[in-house]
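> With the input below, show me the fold.
(one chain, ligands or ions: 1)
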Amino acid sequence: MPDAEAPAGPVLDLLLETPLVKDRSGASLQRQLHQRIRGAILDGRFPSGCRLPGSRALATALGISRNSVTAVYDLLGAEGYITLSRQGTRVSALERPASRPRAARQAASPPVARRAARIRDSTLNAADNLPLRPGVPALARFPLSAWKHCLDRAVRQAGPSGLWYGDPLGEPALRAAIMRHLAVARGVRCEPEQIVITEGAQEALTLCVRLVTNPGDTAWIEDPGYRGAKTAMLGGDLDVIPMRVDDSGLSVPERAWTTQTPRLVYTSPSHQYPTGAVLTAARRLDLIDRAQRHGAWIIEDDYDSEYRHAGELVGAMQGLVPDAPVLYGGTFSKTLFPSLRLGFLVLPDALAAKAAPWLRETLRGGHRYEQLALAQFIESGQFSRHLGRMRRLYKRRQDALRAALTQHLDVPHVVAGGDSGMHLTVRLPDDCLDTRIAEAARAFEMAPMPLSRFALRPLPEDNGLVLGYGNTSESLFVPLVQRLAKLIAADRQEGKG
Ligand SMILES: Cc1ncc(COP(=O)(O)O)c(C=O)c1O
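Got it, this is the predicted structure:
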């Protein structure tokens, strides 16, 4: 490597290592020379103070015009890489980032690498939409033309002004419509000022973390539970503690409140994801009471409870007790369609007032036509009618899936959930492995999810399959379950062999 005082000879050799040629990328010889010298300066081959050849000598050696070399030197001089003077052309004194040993680089690796390492890969691509995939609504039954009508109307009424940013907290018309819908359908008590429109429930979760926690705070999540909740907590560098779920929902051992006091508790009380359990009234009241006493916040994820199939409607926790420390999140991904990417967060009154200035600085009001169309869709009654139609459809689909399981799944199994929503959870014996079965099922174009993938600390009872019926037509359940039964039998056989 040339040292700072070396004559231009070795530098020239380096510059001539490969000829400059007009290449397909169309970069001119001048540009190539500029890149070559700049690259050698940046990677330290031409250190600070190193003398560069004179323009005439370099031009002759490279077989290009002297004007080209002068132009390159002028540019490098203007960029500060070299200093031109009558004494010659030298590399400027530059602070180059030192090359650090690998271990040091790893220790300083960006936080995202650390967070990603704590997330287990999903077995499914977000874009794959196959039969039995949980959480997908009946997309073919969505009233596209009615929706288009609302969109057209929104574009017509808002005109070009709808192209500009909107209210960062969301279109007022939509927030008012959501408030009215939630009051009737979910028993949520709020004013539009408490509602923030988000990019789906996932953004609502991320906002909750940013609003009420500091890195290092403790967060409880359901185990097994929604993977996106864990991702949001890890994004805030929280200390994530899994809490088991039983048939009555989130089950918190008493001592955890003192030994692992949380700042944030995530729960899906009206239809636990993925087990389908409903958090009992006693546990809801206890959770709110203890959260209040320990200064904790509760995220209530109410993602698909509009589809209640059995018994009375289970109301939200949010409206249960005045001033409950509940941040209530919802999404239109299940009630309408996922690519809409619209959800919402209902903040407790006092928190909403405190958070508004920060939220207004942090968020940008986008998707304005979609928001206005959605407000119209809700206010015109089309949303409730759509929900009613889908509820009946999902009930039929669930019944068909249950019948197929009873008839064709000939291994011992337990079906859980189904009082609400769009999926059933099937627990399997421990002589087969749900992850292997789910993977094998992909080859047959179906996407059940392995139950164990939702667990942070999987127990034997977390061996099973989460079967979505929302987007799978009734006629398919028998052949799909027959195929699953074969895959399970083969897996058990292999385990024995
Ligand atoms: C339990 C639960 N919560 C929240 C979401 C997030 O929905 P989105 O971000 O699409 O609104 C999902 C999506 O599958 C979910 O299953």
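
> Which stretches in the stretch 101-250 of the chain count as strands?
195-198, 218-223, 239-246, 249-250 (DSSP state E, counting those that start in this stretch).

> Tell me which of these sits nearest to the ligand.
The ligand lies closest to strand 195-198 among the strands of the stretch 101-250 of the chain, at 8.0 Å (CB to the nearest ligand atom). Bear in mind the C-beta positions are built from the backbone N, C-alpha and C, glycine included.

> from the middle of its chain, how far away would the closest one be?
Relative to its chain's centre, strand 195-198 lies at 17 Å (CA atoms, centre = their mean, to the nearest Å).

> same question, stretch 459-466
That offset, for stretch 459-466, works out to 24 Å (CA atoms, centre = their mean).

> Can you list the neighbours in contact with that stretch?
Contacts with stretch 459-466, where a contact means CB atoms under 8 Å, 6 or more residues apart in numbering, come from 134, 224, 244, 274, 413, 423-430, 432-434, 437-438, 448-452, 454-455, 484.

> from those, which ones fall inside strands?
Members of those lying in strands (criterion: DSSP state E): 244, 423, 424, 425, 426, 427, 449, 450.

> Can you add neighbour count, pLDDT and distance to the ligand and give those back as a markdown table?
Rendered in a markdown table, the data for those read as follows (neighbours: other CB atoms under 10 Å; pLDDT from 0 to 100; distance: CB to the nearest ligand atom, whole Å):
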| residue | neighbour count | pLDDT | distance to the ligand |
| --- | --- | --- | --- |
| 244 | 18 | 98 | 17 |
| 423 | 29 | 98 | 9 |
| 424 | 22 | 98 | 14 |
| 425 | 25 | 98 | 13 |
| 426 | 24 | 98 | 18 |
| 427 | 19 | 98 | 19 |
| 449 | 27 | 96 | 10 |
| 450 | 23 | 97 | 15 |
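
> near the ligand, which residues of the stretch 301-450 of the chain?
301, 303, 331, 333, 338, 343 (CB under 6 Å from any ligand atom).

> what's the farthest-apart pair in those?
Across these, the longest distance by CB to CB is 15.5 Å; it joins 301 and 338.

> The two: which has the busier surroundings?
Shown here are residue 301 and residue 338; by other CB atoms under 10 Å, residue 301 has more neighbours (28 against 16).

> Nearest residue to that one in space, ignoring adjacent ones along the chain?
Closest residue to residue 301 apart from its sequence neighbours, by CB to CB, 6 or more residues apart in numbering: residue 268 at 4.4 Å.

> residue contacts, that neighbour?
By CB under 8 Å, 6+ apart, the contact list for residue 268 reads 222, 225, 226, 300, 301, 302, 303.

> One more: residue 490?
Residues near residue 490 by CB under 8 Å, 6+ apart: residue 440.

> before we move on, what about residue 436?
residue 491.

> Would you mind measuring from it to the ligand?
23 Å (CB to the nearest ligand atom, to the nearest Å).

> Ok, residue 391 next?
Counting by CB to the nearest ligand atom, the gap from residue 391 to the ligand is 18 Å.

> Let me know the pLDDT of the residue lying closest to residue 192 once chain neighbours are set aside.
Leaving out its chain neighbours, the residue that sits closest to residue 192 by CB to CB, 6+ apart is residue 175, at 4.0 Å. Per-residue pLDDT puts residue 175 at 98.

> And for the one 5 residues further on?
Residue 180 carries a pLDDT value of 98.

> quick one: contacts for it?
Contacts of residue 180 by CB under 8 Å, 6+ apart are 378, 379.

> swap in residue 403?
Contacts for residue 403 (CB under 8 Å, 6+ apart) come out as residue 477.

> ok so, going back, what's the closest of the strands of the stretch 101-250 of the chain to residue 378?
strand 195-198 (12.5 Å).
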